[in-house]
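Engineer: Make a model of this:
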Amino acid sequence: MDGLRSDRRRGPLAPAVLLTVLVALGTVAGCTSGGDLVAPSAASGQPATSELTHLTVGLGYIPSVQFAPFYLAQEAGYYRAAGLDVTFQNRIDPDLIVLIGQGAVDIGIGDGTSVIPAVSQGVPIRYVATIYGSLPNVVFAKADSGIRGASDLRGKRVGTPCRCGSNWIMLQALLQAAGLSASDIDVVEYPDFGQAGAVAHGAVDAATGYVANEPIQLEEQGISVSVLHLDQTVALPGPGLIAGTVTSDTKGDALRAFVAATLRAMGEIVVQPQRGLDAALQVVPELKVQRDLQRTILEATVASWSSPYTEAHGLGAIDTAAWEASVRLMTSLPDHPVAKPVGVDQLVDSTLLPSG
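Structural biologist: Okay, the predicted model is just below:
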């Protein structure tokens, strides 16, 4: 079906893989595991505040249940037990990329597709751990729209926030897989991110979005949706942890400890999603008014952490072959932001992973 698949959910990690991941990360982090959230204390032998390394960590611009691994690692004391004093900042992806490159933010989660153009323009950053094994950017439409594959988008009105960023790159790649281009559709821009409402009210036939966001919003309103994902043959790197090259040199041990603690929290949430939900509701209490919806969003988010590569190699693993393919794909698009050729060794750094 046009090299794509239309579905609503992706399966969880295999139990055997999860067990391996949890044992490995628990050993690396050297922290408590399972059970309820635990607060750090002097009696537990955790470092005093004066002995901690401070890290400023950039997350997306709105506090969300999608950041549950970071919240769990913070609230359960995993970061502190690893010798870290972590402060979160919420920023939009373009700002985070710049701030991380400048060293103003030590490490943060950003779009994998943002790394390639940024590095090609001389921004000194590296992708150091995979968070989303599957690209969470999708095209969605009402189930009764007749849109089942990319070829069905020909001549349709498709909403997107702008002709920029990961949504736009994903849309171009999806169209290219079906032998189409942006000129074959009617692109409608929604800089206020109102494309979900536009689909709901019939202003557009389909729109770009995030698998754990807009499609779930529509389902919550009782609107059945069809969701188009890029096939593995045209996969693009999903959001992951990004660090500046200078910060990696000067704070490498601290960043490595941060990555291990975060991956440990991810593994625990895959096994016990309620722990992630509880941590998110503790940090962002206003989410409690939609507890069931937040759990649905978290479940969709967790599904996106998995890919065949991470199932085989563990959470956080970076598929360099997929990155090479992604560079080729992005530079082949008619409207791409890659200023000059870049190699995978300029884009990713696996040395901060627990096995690195």
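Engineer: Show the low-confidence segments of the stretch 1-150 of the chain, by residue range.
Structural biologist: For the stretch 1-150 of the chain, the stretches flagged by pLDDT under 70 are 1-50.
Engineer: so what's the backbone phi/psi at residue 290?
Structural biologist: Backbone torsions for residue 290, taken as degrees, to the nearest 10, come to phi -130, psi 50.
Engineer: which residues sit in contact with residue 294?
Structural biologist: Applying CB atoms under 8 Å, 6 or more residues apart in numbering, we find residue 294 in contact with 65, 277, 280-281, 287. Every residue, glycine included, has its C-beta placed from N, CA and C.
Engineer: now, which of those residues sits nearest residue 171?
Structural biologist: residue 65 (25.7 Å; CB to CB).
Engineer: Just give me the neighbour total for that closest one.
Structural biologist: Other residues lying near residue 65 total 25 when counted by other CB atoms under 10 Å.
Engineer: I'd assumed residue 299 was in contact with it.
Structural biologist: No - here residue 65 does not reach residue 299: they are 9.9 Å apart, not a contact under CB atoms under 8 Å.
Engineer: Kindly provide the distance from the closest residue to residue 63 other than its chain neighbours to residue 192.
Structural biologist: In space, residue 63 comes closest to residue 284 once its chain neighbours are excluded; the distance is 4.6 Å by CB to CB, 6 or more residues apart in numbering. Distance of residue 284 to residue 192, given as CB to CB, to the nearest Å: 22 Å.
Engineer: Look at these two and report which has more neighbours.
Structural biologist: residue 284 (17 against 8).
Engineer: how far away is the more buried one from residue 61?
Structural biologist: 13 Å.
Engineer: Tell me which stretches of the protein form helices.
Structural biologist: For the chain, helices defined by DSSP state H occupy the ranges 15-29, 68-75, 78-81, 93-102, 112-120, 165-177, 195-200, 214-220, 245-250, 252-271, 273-283, 291-304, 308-313, 320-332.
Engineer: between the last one and helix 112-120, what angle do the directions make?
Structural biologist: Using axes from the mean of the first three to the mean of the last three CA atoms, to 10 degrees, the direction of helix 320-332 lies 70 degrees away from that of helix 112-120.
Engineer: which other helices and strands contact helix 320-332?
Structural biologist: helix 112-120, helix 165-177 (3 or more CB pairs under 8 Å, 6 or more residues apart in numbering; DSSP states H and E).
Engineer: want to throw those helices into CSV with distance to residue 354 and mean neighbour count?
Structural biologist: Output for those, formatted as CSV (distance: least, CB to CB, whole Å; neighbours: other CB atoms under 10 Å):
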stretch, distance to residue 354, mean neighbour count
helix 112-120, 20, 24
helix 165-177, 27, 23
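Engineer: CSV please, covering those helices and showing distance to residue 307.
Structural biologist: Listed next are the helices and strands packed on helix 320-332 as CSV, based on distance: least, CB to CB, whole Å:
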stretch, distance to residue 307
helix 112-120, 12
helix 165-177, 15
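Engineer: Figure out which of those helices is closest to residue 241.
Structural biologist: Nearest of those (CB to CB): helix 112-120, 10.3 Å.
Engineer: So which residues make contact with the closest one?
Structural biologist: 93-94, 97, 101, 125-127, 132, 135, 165-166, 169-170, 236-240, 242, 326-327, 330, 336-342, 346-347.
Engineer: Narrow those residues to those that are buried.
Structural biologist: For those, a burial check counting by 16 or more other CB atoms under 10 Å picks out 93, 97, 101, 125-127, 132, 135, 165-166, 169-170, 236-240, 242, 326-327, 330, 336-338, 342, 346-347.
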